[in-house]
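**Student:** With the sequence up front, the predicted model follows.
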Amino acid sequence: MVLNPVISKLSGKLVVLASSSPRRLEILRNAGLRFEVVPSWFKETLKKGLFKAPHEYAVETAKQKALEVARRMPIKHLKTPDMVIGADTIVTVDGMILEKPVDKQDAYRMLSSLSGKEHSVFTGVAIVLCHEKDDDELDYQMIDFYEETKVKFADLSQDMLWEYINSGEPMDKAGGYGIQALGGMLVEYVHGDFLNVVGFPLNHFCKQLDVIYNHCSFVNPETTESVYDRHSSPILIEQKDTSTSIPRHSSPSASPLHKVCQRRCAYKCCSSFAKVNRLSKQDAGEIKLHNSETTMLSVMRSGDGAVIDQTEPKKGDLGLICELMDGFKASKALFTASKFGLFDVLHKKPGLDAEQIAQEIKASVKGTETLLEACVSLGLLKTRDTGCPKPGFENTDEASCFLRSDSHFSLHAYIQHCNDTLWPVFAHLESAVREGTSQHGKVKSSTEICQVIILQLRFMHAMHSSAKVAATAVATAFDLSSYKTACDVGGCTGAIAYELIKIHPDLSVAVLDLPAVVEMSAPFQRQHTDKRVTFKAGDFLKDELPKADLYVLVRILHDLTDEKLHILLRRISDACTPGCGLLLSEIFLDENRSGPSRGLLQALSMSEGKQRSAAEYSRLLKGHGFITAQVKHTNSLLDAMLCTKA
Ligand SMILES: O=c1[nH]cc([C@@H]2O[C@H](COP(=O)(O)OP(=O)(O)OP(=O)(O)O)[C@@H](O)[C@H]2O)c(=O)[nH]1
């Protein structure tokens with residue numbers, strides 16, 4: 001028998017606490033909840049500056065912790081949980097967010113900033129409701145909320161502070177104190193939920209369970225039907241079209257588009273608001289559930305059921321517009337840092353200060369300082385306390401992984417391509433839109449002919465680097481064990497081919513590309529000794545295609561005119577016998593063409609071709625005798641589709 005009947009609704013379900021915090025475990029165990037503990041591997045590195053309010057940071061971190069476990073469990077633990085709970089506790093004082101101290105000095109800095117003052121403790125909580133799917137994708141709904149508690153600290157003397165720090169208690173606790181133990185002695189008063197300070201707002205959590213299990217029937221992921229309160233209490237849901245595919249390991253970037261489609265919420269949370277997100281198997285579609293206190297939208301339905309959006313301006317909208325207005329500045333800051341080799345310098349010598357970095361990259365100190373600060377704000381660099389007045393700088397994990405020129409997944413060359421080729425093309429976007437033509441010609445005409453080869457090589461470097469990042473997702477998208485020979489049509493440097501043979505030991509791949517490309521791709525193959533990848537020079541629109549039982553088309557079709565596209569598909573179809581496969585990899589647009597932004601923005605600079613949805617590609621291929629067997633939204637740079645020749 002448990003005090004809160006809602007807890008009992010979870011009996012028989014696989015509930016997972018995505019946390020290593022012993023306090024959260026204890027709070028939930030004491031409440032009678034039965035669950036497994038699977039600590040999250042999500043690193044708490046979200047860029048705080050990107051959040052409008054501190055609680056949003058805590059909530060987002062909680063979401064990412066929970067999602068990481070929800071995604072990992074079916075793969076690593078071979079079971080899909082019914083519910084995953086994630087939480088993140090932070091302390092805010094004087095506009096700063098304090099998490100767990102990294103060392104004693106950090107604990108001292110935190111505790112002295114709290115001394116004699118009132119501060120806020122926020123715990124963000126995420127509840128992920130998972131739905132098992134036939135394929136290996138995960139459908140889930142996300143409920144998130146936060147709780148705020150105010151705590152006032154007494155004046156703390158130096159002795160007291162150090163005695164407390166030396167007790168060891170502060171180290172694994174947000175803000176550097178544990179209110180439930182020795183830290184309780186530092187506290188003058190607490191306004192709000194005590195357990196929230198300890199790490200988990202139990203009361204609010206139970207109220208949310210009540211909403212989930214007693215008051216709401218959630219959206220059916222298959223039909224995207226509306227949410228209705230069983231007791232007809234009005235619900236307002238804002239459906240956000242997050243059509244941009246979100247990399248499974250990254251923090252979500254919400255698409256700007258909002259579609260309002262629901263009713264009002266009767267449930268009132270005490271101090272916070274609740275959100276319900278739904279991300280389908282394409283990680284698309286987000287739904288927010290507001291309580292009536294925070295409702296800023298009024299929604300009506302017209303006679304034909306269409307939604308009339310009477311949205312009043314709200315603060316969030318300005319944030320979105322500012323983000324878009326500044327987007328080009330952020331891109332250029334990344335390109336510039338990359339061009340100066342900043343991420344390579346900081347990889348070799350982490351912790352350098354601005355002056356030392358300026359010397360290394362041969363730039364002005366003032367300019368370097370400004371660039372470094374911008375990079376920190378964008379989450380590309382982080383500062384390091386060197387004990388000197390000037391901070392040191394180091395790469396974030398993302399920069400280490402993708403921005404160094406020598407890392408395995410380096411996007412350095414692709415970023416240079418963005419800077420040197422795409423940036424000037426986008427400067428002509430107005431003309432491109434007005435005239436409906438690509439502006440590549442205009443930009444290229446100013447280029448010396450002798451530079452063409454250098455440009456071609458740079459382009460190959462760019463394609464190679466982005467192909468390497470996408471390669472694993474493409475190569476692992478489907479079971480290709482029944483194919484023995486493949487032809488990567490327009491396979492350039494062989495980045496995809498080498499990944500394919502790595503994943504599929506019985507496969508050998510012939511890469512077909514133009515003679516000049518094959519010639520220039522030699523330096524990219526030096527590190528590879530495997531003879532299962534061969535290169536054949538030829539024009540895929542004219543020359544004979546190598547015989548294979550699997551044809552691979554990665555980022556080819558979107559760039560071709562309709563005429564060329566049909567020529568190529570007809571040629572591949574003619575080369576195929578029944579049962580042969582076609583592996584197509586592109587960015588697949590949503591069926592309503594509302595995203596993902598990566599695909600739609602790329603279309604703005606495309607010379608001849610067209611971006612398409614999976615269904616559109618499927619129809620095209622069907623016209624050439626290929627039946628689509630499987631489609632995979634990989635959440636990497638490219639999606640994939642496997643078809644069979646009928
Ligand atoms: O008074 C107290 N305040 C805070 C705590 C504990 O502090 C940590 C907060 O850190 P976080 O939210 O990042 O959670 P982790 O411990 O790292 O575990 P996760 O696996 O969930 O990331 C939390 O443990 C609080 O309980 C305290 O004990 N007293």
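**Tutor:** Received it, and whenever you're ready, just let me know what you need. As the structure is a prediction and not an experimental result, all values here were calculated from the model.

**Student:** just how off-centre is stretch 104-113 within its chain?
**Tutor:** With CA atoms, centre = their mean, to the nearest Å as the basis, stretch 104-113 stands 33 Å off its chain's centre.

**Student:** Same question for stretch 171-183.
**Tutor:** Taking mean C-alpha positions (CA atoms, centre = their mean), stretch 171-183 and its chain are 32 Å apart.

**Student:** List phi and psi for the nearest residue to M83 once chain neighbours are set aside.
**Tutor:** Distance criterion CB to CB, 6 or more residues apart in numbering; nearest residue to M83, sequence neighbours excluded, is V15 at 4.7 Å. In short, each C-beta sits where N, CA and C put it, glycine included. Main-chain dihedrals, V15, degrees, to the nearest 10: phi -100, psi 140.

**Student:** measure V15 to H204 for me?
**Tutor:** Note on V15: its distance to H204, by CB to CB, to the nearest Å, is 17 Å.

**Student:** go on, E394?
**Tutor:** From E394 to H204 the distance is 37 Å (CB to CB).

**Student:** Same drill for those two, tell me which one is more crowded.
**Tutor:** Higher neighbour count among E394 and H204: H204, with 22 against 16, using other CB atoms under 10 Å.

**Student:** doesn't I179 make contact with F194?
**Tutor:** Yes - here F194 reaches I179: they are 7.1 Å apart, a contact under CB atoms under 8 Å.

**Student:** more neighbours, the two?
**Tutor:** Per other CB under 10 Å, whichever of F194 and I179 has more neighbours is I179, with 22 against 17.

**Student:** Specify the local secondary structure of the more buried one.
**Tutor:** Here I179 is recorded as coil under DSSP: H, G, I helix; E, B strand; the rest coil.

**Student:** so what's it up against?
**Tutor:** 151, 187, 190, 194, 197-198 (CB atoms under 8 Å, 6 or more residues apart in numbering).

**Student:** Now list the buried members of the residues you listed.
**Tutor:** Buried subset of these (neighbour count, 16 or more other CB atoms under 10 Å): 151, 187, 190, 194, 197-198.

**Student:** Which ones among these also lie next to the ligand?
**Tutor:** 197-198 (CB under 6 Å from any ligand atom).

**Student:** so of the buried ones among the contacts of I179, which ones are in helices?
**Tutor:** 194, 197-198 (DSSP state H).

**Student:** Nearest to the ligand: which residue in the chain?
**Tutor:** Using CB to the nearest ligand atom, G199 is the residue of the chain that sits closest to the ligand, at 2.6 Å.

**Student:** Name the nearest residue to that residue, ignoring sequence neighbours.
**Tutor:** Closest to G199 by CB to CB, 6+ apart is R23, at 4.3 Å.

**Student:** wait, isn't A497 in contact with V489?
**Tutor:** No - here A497 lies out of contact with V489, judged by CB under 8 Å, at a distance of 10.9 Å.

**Student:** Look at the two and report which has more neighbours.
**Tutor:** A497 (31 against 25).

**Student:** tell me the contacts of the more buried one?
**Tutor:** 486, 488, 491, 509, 511, 533, 552.

**Student:** excluding its backbone neighbours, what's nearest the second one?
**Tutor:** By that I understand D488. Counting by CB to CB, 6+ apart, D488 lies nearest to V552, which is 4.4 Å off, once chain neighbours are set aside.

**Student:** Would you mind giving the secondary structure of that neighbour?
**Tutor:** Going by three-state DSSP: V552 is strand.

**Student:** Surely it touches E499?
**Tutor:** No - if you go by CB under 8 Å, V552 and E499 don't touch, sitting 10.8 Å apart.

**Student:** Tell me the residues on the protein that lie near the ligand, please.
**Tutor:** Contacts of the chain with the ligand, taken as CB under 6 Å from any ligand atom, map to 19-21, 23-24, 39-40, 44, 65, 87-89, 100, 172-174, 177-180, 183, 197-199.

**Student:** Point out the ones among those that are inside strands.
**Tutor:** Filtering the residues of the chain next to the ligand for membership in strands, criterion DSSP state E, returns 87-89.

**Student:** Mind telling me the two of the contacts of I179 farthest from one another?
**Tutor:** Longest distance between any two of the contacts of I179 is 12.0 Å, between V187 and V198; criterion CB to CB.

**Student:** on that earlier part again, residues in contact with the residue nearest to G199?
**Tutor:** R23 touches 180, 198-200, counting by CB under 8 Å, 6+ apart.

**Student:** For L560, give me its contacts.
**Tutor:** With CB under 8 Å, 6+ apart, L560 has these contacts: 568, 608-609.

**Student:** Let me see the contact set for P578.
**Tutor:** P578 makes contacts with 645-646, as judged by CB under 8 Å, 6+ apart.

**Student:** that older thread, CSV for the contacts of R23, including pLDDT?
**Tutor:** Formatted as CSV, the contacts of R23 follow (pLDDT from 0 to 100):
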residue, pLDDT
Q180, 94
V198, 97
G199, 97
F200, 98
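
**Student:** Who wins on neighbours among these?
**Tutor:** Greatest neighbour count in these, by other CB under 10 Å, goes to F200: 27 neighbours.
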